[in-house]
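Participant: I would like to see how this sequence folds:
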Amino acid sequence: MDVNDIMINGKLFEFKEKFFESKKFIILYLILSLVLFLSTISMKNIAHPKFELISLFVVLVLGIFCIAYYFMHNSDKEFYKVAFVVILCFGIVTSFIVPIVDVSDEVEHLTRAEITSQGVLIPHWTGDDVGIDRLYNHTDGELSKELNKNVGFETIESINFFNHNRENTVFETQNDTHKIDYTPFIRGSAFEQNAFFGYIPQAFGILIAKLLDLNVIWMLWLGRIGNLVCYAFLISLAIKITPKLKMPLFAISCIPITIYQAASVSIDSMIFGLGILTIAYFIRLYLLKDKSIDIKEMVIFTLLCALLGLCKLPYLAFIFLILFIPKENFKNEKYSLIMKILAILIVSIIGISWSKYSTPTLMHSWRSSYNYVDSAAQLNYLITNPNQILNFLAHIFTIDLGYVVNGVFNFFNGKLGLHYQDHYVFITVVLQFFLMAVLFFYPSDCNFNLKTKLGALFVLLVVYIGTCFIQLLTWSYVGQINLGVSIRYFIPLLALIPIIVPHKNYFSQKEFDNYAMIFIISFMAALILAFATKYY
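Facilitator: Numbering: from 1, shown residues only. Reported below is the predicted structural model:
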């Protein structure tokens, strides 16, 4: 028997040992998963239960494996391995079971990723070649019908397959077995305004599908998996570098709506990953006690904030967290304030420059069909009607906040013309209680000072209000407040809550972590089962 055999046998023995040690948690997982599963079924599932039962078997096996793996690696030094494995296990299944381009705007994200897979980092708007600056021209109606034909972004014909089979499963189309069609095709929208690096993981997956000459459906599946692997890496890195609050960060990273987006080709995956990584790095810098922060650490934090902000501009405000890192943590306290101000200026300049580039490109998409959307006119309306500002603030902290809070287990459903409107009330309520427990009552000896708590709250409010305000300018009709926000816009903000709230050790942290892990895995299983019972 060689060394490799000994190591494999040793790991198998350890896995078997941890399996039996964690049997009470496995039983809890089985019960919780079955209860959540039963809350999603309908008569259709009872009449034809085959796929649903197969899905249930898969998630139960995956869950048992992940629980045993967690108890093998639940130390602070190894927990990042658990994060990577658990996200991949349930995320890969999600990437296959979620119907074709079911995620919000996934066709457009896929188009941009396909263009990136060609080596084109910044898509070319063909309208510039013929003097056309928008996809739709203004008409007298609320929705413009005057489409400028044959202008847009050059992609390939296979993108049409996904557009025509939106929200179908592979069992509902015969064309998924066709080969990739490379015939040039002009598509009107391709998220030109988004940063190119947000599509490299998806593009890598699509490129593999092309190189291996796979069927067209693999463009989507491998694109999703490429995105997921990148997300799992960013989250595991965040868990590794943060000295405290590992479980709350992991819980946020794995709530169903987060995995749903991460296992798609959406740039939201990059936003979530970079956002949580940025907060993890801030926690690390805040807790350093050996005067070790130098230019290198400041450059890394500034770069993370800039990359995050390029993906979603309001998140540039994360750079203000730098003001709350204690000066005592710097090698040179004298220059700490100068470095902080310089970092804020750099990120601000990047944000302003990017905004000037990205805002006009919104007209190079289907968004230009909304005649009543006019940022300048909306601003003028707010100035001349200041009461509308108060109405806006009241709206976002009542009605819109309600949509956000209730969106933790609501998913896109374009067939009904509604976004995130699948109401799984039982799962939603249980998930909300779990998040409240892990975000507000997590037992930890990591208490931030009052200034830092208020600073984190300030950043949270700036990003939340800023995001809603941008929606008011770029989405709402002039004089109206129809923002269309959902929880997916604010996932990284959840990671600020454990910093803001005080921590008291009402529970044993180790025991809390063990039960939290069971709930996290159970909710990920519920995500998969909900799609199995709804679509199959």
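Participant: show me the shaky parts of this protein.
Facilitator: For the chain, the stretches with pLDDT under 70 are 1-16, 18-20, 141, 412-422.
Participant: what segments of it are strands?
Facilitator: 136-137, 146-147, 153-156, 184-187 (DSSP state E).
Participant: buried stuff in the last one?
Facilitator: By neighbour count on 16 or more other CB atoms under 10 Å, the buried set for strand 184-187 is 185, 187. C-betas here are computed from N, CA, C, even on glycine.
Participant: count the neighbours of S508 for me.
Facilitator: 10 (other CB atoms under 10 Å).
Participant: ok, S266 next?
Facilitator: 28.
Participant: likewise I528?
Facilitator: 26.
Participant: wait, it sits on V59?
Facilitator: Yes - using CB atoms under 8 Å, I528 is in contact with V59, at 5.3 Å.
Participant: what sits in contact with each of the two?
Facilitator: Taking CB atoms under 8 Å, 6 or more residues apart in numbering as the contact rule, I528 and V59 both touch 90, 93.
Participant: residue contacts, Y260?
Facilitator: Y260 makes contact with 94, 98, 103, 411, 527, according to CB under 8 Å, 6+ apart.
Participant: which one of those sits in the busiest neighbourhood?
Facilitator: In terms of neighbours by other CB under 10 Å, the contacts of Y260 top out with L527 at 29 neighbours.
Participant: rewinding a little: wait, which of the strands of the chain is closest to F250?
Facilitator: F250 lies closest, by CB to CB, to one member of the strands of the chain: strand 153-156, at 36.4 Å.
Participant: CA atoms only for that closest one, dumped as PDB, please.
Facilitator: Coordinates of each C-alpha in strand 153-156 appear next as PDB, following Å, rounded to 0.1, in the frame of the first residue of the first chain:
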ATOM      1  CA  PHE A 153     -23.900  44.300 -30.400                       C
ATOM      2  CA  GLU A 154     -22.400  41.500 -32.500                       C
ATOM      3  CA  THR A 155     -22.800  38.100 -30.900                       C
ATOM      4  CA  ILE A 156     -23.700  34.700 -32.400                       C
END
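Participant: start the count at 19 instead of 1 going forward.
Facilitator: Let's use 19 as the start, then, which means that last one is strand 171-174.
Participant: which positions within that strand qualify as buried?
Facilitator: 171, 173-174.
Participant: now it, how far from the chain's geometric center?
Facilitator: 26 Å (CA atoms, centre = their mean, to the nearest Å).
Participant: now swap in stretch 163-174 and tell me
Facilitator: The chain centre lies 29 Å from the centre of stretch 163-174; the measure is CA atoms, centre = their mean.
Participant: hmm, who's touching that stretch?
Facilitator: Residues contacting stretch 163-174 (CB under 8 Å, 6+ apart): 129, 132-133, 141-145, 148, 150, 152-157, 198-208, 210, 382, 387.
Participant: contacting residues around stretch 228-237?
Facilitator: Contacts of stretch 228-237 with the rest of the structure, by CB under 8 Å, 6+ apart, involve 118, 128, 132, 135, 176, 179-180, 188, 193-199, 224, 227, 240.
Participant: what's the first-to-last distance across that stretch?
Facilitator: 8 Å (CA to CA, to the nearest Å).
Participant: for T187, what are phi and psi?
Facilitator: Dihedral pair for T187: phi -90, psi 170, per degrees, to the nearest 10.
Participant: mind listing what it touches?
Facilitator: By CB under 8 Å, 6+ apart, the contact set of T187 is 117-118, 553-554.
Participant: let's see that with 6 Å instead.
Facilitator: Residues near T187 by CB atoms under 6 Å, 6 or more residues apart in numbering: 117, 553.
Participant: export the strands of the chain as TSV, with columns for distance to N424.
Facilitator: As requested, the strands of the chain are exported to TSV (distance: least, CB to CB, whole Å):
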stretch	distance to N424
strand 154-155	33
strand 164-165	36
strand 171-174	36
strand 202-205	34
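Participant: closest one to N350 among those?
Facilitator: strand 171-174 (48.4 Å).
Participant: neighbouring strands - and their directions - for that closest one?
Facilitator: Partner strands for strand 171-174, per DSSP bridges, with pairing direction: strand 202-205 (antiparallel).
Participant: the partner strand: how far from the chain's middle?
Facilitator: Centroid displacement of strand 202-205 relative to its chain, using CA atoms, centre = their mean, is 28 Å.
Participant: send me that strand as PDB with only the CA atoms.
Facilitator: Listed next in PDB are the C-alpha coordinates belonging to strand 202-205 (Å, rounded to 0.1, in the frame of the first residue of the first chain):
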ATOM      1  CA  PRO A 202     -22.900  36.500 -36.600                       C
ATOM      2  CA  PHE A 203     -26.000  38.000 -35.100                       C
ATOM      3  CA  ILE A 204     -26.800  41.500 -33.900                       C
ATOM      4  CA  ARG A 205     -28.500  41.700 -30.500                       C
END
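Participant: and the contacts of stretch 228-237, which are buried?
Facilitator: Listed as buried from these are 118, 128, 132, 135, 176, 179-180, 188, 194, 198, 224, 227, 240; burial here means 16+ other CB under 10 Å.
Participant: find the pair from the residues you listed with maximum spatial separation.
Facilitator: Largest separation among those by CB to CB: S135 and V188, giving 21.4 Å.
Participant: residues contacting W143?
Facilitator: H382.
Participant: and the contacts of stretch 163-174, which of them are in helices?
Facilitator: 129, 132-133 (DSSP state H).
Participant: distance to Q498 added to these, as a markdown table?
Facilitator: Shown next, in a markdown table, are the ones in helices among the contacts of stretch 163-174 (distance: CB to CB, whole Å):
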| residue | distance to Q498 |
| --- | --- |
| T129 | 29 |
| E132 | 35 |
| I133 | 34 |
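Participant: nearest to L106 among the residues you listed?
Facilitator: Ranked by distance to L106 (CB to CB), those are led by E132 at 23.7 Å.
Participant: ok, that closest one to L321 distance?
Facilitator: The gap separating E132 from L321 is 28 Å, by CB to CB, to the nearest Å.
Participant: quick check, P461 in contact with E529.
Facilitator: No - with contact defined as CB atoms under 6 Å, P461 does not reach E529; the gap is 8.9 Å.
Participant: so between these two, which is more surrounded?
Facilitator: Using other CB under 10 Å, the more surrounded residue of P461 and E529 is P461, with 16 against 10.
Participant: contacting residues around the more buried one?
Facilitator: 523, 525, 527, 530.
Participant: out of those, which are buried?
Facilitator: The neighbour count (16+ other CB under 10 Å) marks F530 as buried among those.
Participant: L472: which of the contacts of P461 is nearest?
Facilitator: Looking across these and measuring by CB to CB, the closest to L472 is N523, at 23.1 Å.
Participant: against L48, how distant is the residue lying closest to that closest one once chain neighbours are set aside?
Facilitator: Spatial nearest neighbour of N523, excluding adjacent residues (CB to CB, 6 or more residues apart in numbering): P461 at 4.4 Å. Distance of P461 to L48, computed by CB to CB: 26 Å.
Participant: swap in V447?
Facilitator: Using CB to CB, V447 is found at 21 Å from L48.
Participant: before we move on, back to that, out of the contacts of Y278, which sit inside helices?
Facilitator: Using DSSP H, the subset of the contacts of Y278 located in helices is 112, 545.
Participant: so which of the contacts of Y278 is the closest to I285?
Facilitator: Checking the contacts of Y278 against I285 by CB to CB gives V121 as the nearest, at 11.0 Å.
Participant: how about the backbone phi and psi for the closest one?
Facilitator: Given degrees, to the nearest 10, the pair of backbone angles that V121 has is phi -70, psi 150.
Participant: correct me if wrong: it contacts A280.
Facilitator: No - using CB under 6 Å as the test, V121 is too far from A280 to be in contact (10.1 Å).
Participant: for the residue lying closest to L50 once chain neighbours are set aside, what are its contacts?
Facilitator: Distances taken as CB to CB, 6+ apart place S540 nearest to L50, at 4.3 Å, with adjacent residues excluded. S540 sits next to 47, 50-51 when contact means CB under 6 Å, 6+ apart.
Participant: no more questions from me, cheers.
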